[in-house]
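> Quick one: sequence plus predicted model below, questions after.
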Amino acid sequence: MASVHKEIRRPENPAPGKGGHLVLVTSRRGDTVHFRNPSGHTGQARTASLPVAQFAEFFAGRGVSLA
């Protein structure tokens with residue numbers, strides 16, 4: 001689980017901040033992070049993927065490993 005700004009559901013807009021909302025990171029393949037955002041407003045926002053650099057704009061640097 002990763003702490004990201006809730007506006008990660010609209011990644012086409014600049015990140016207004018970092019953290020405060022949890023998403024489940026399901027995998028990283030190459031330079032892409034795949035994650036589930038249950039509060040996403042569309043299907044695409046609920047099951048999403050972003051380049052690592054773009055994900056990092058929303059990421060607070062905090063998370064929990066569920067290994």
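In hand now; what should we look at? In this text the structure is predicted, and so the values were computed from the model without any measurement. Numbering: from 1, shown residues only.
> In the protein, which helix is the longest?
Longest helix of the chain, by residue count under DSSP state H: helix 52-58.
> residue ranges for the helices of this structure, please.
Ranges of helices in the chain, per DSSP H, are 43-46, 52-58.
> what would these look like in a markdown table with mean pLDDT and mean neighbour count?
C-beta here means a position set from N, CA and C on the backbone, and glycine is covered the same way. Converted to a markdown table, these look like this (pLDDT from 0 to 100; neighbours: other CB atoms under 10 Å):
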| stretch | mean pLDDT | mean neighbour count |
| --- | --- | --- |
| helix 43-46 | 85 | 12 |
| helix 52-58 | 97 | 17 |
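> can you tell which of these is closest to Phe35?
helix 52-58 (7.8 Å; CB to CB).
> contacts for stretch 41-60?
2-5, 7-11, 14-15, 18-20, 28, 31-38, 40 (CB atoms under 8 Å, 6 or more residues apart in numbering).
> Strands along this structure, start to end?
2-4, 21-29, 32-36, 47-51, 59-63 (DSSP state E).
> Point out the most buried one among the ones you listed.
Mean neighbour count (mean count of other CB atoms under 10 Å) peaks for strand 2-4 among the strands of the chain, with a mean of 22.
> by contact count, what packs against it?
In this structure, strand 2-4 packs against strand 21-29, strand 59-63, with contacts taken as 3 or more CB pairs under 8 Å, 6 or more residues apart in numbering; DSSP states H and E.
> In CSV, list these along with distance to Arg46 and mean pLDDT.
Compiled in CSV, the helices and strands packed on strand 2-4 are given as follows (distance: least, CB to CB, whole Å; pLDDT from 0 to 100):
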stretch, distance to Arg46, mean pLDDT
strand 21-29, 10, 95
strand 59-63, 18, 96
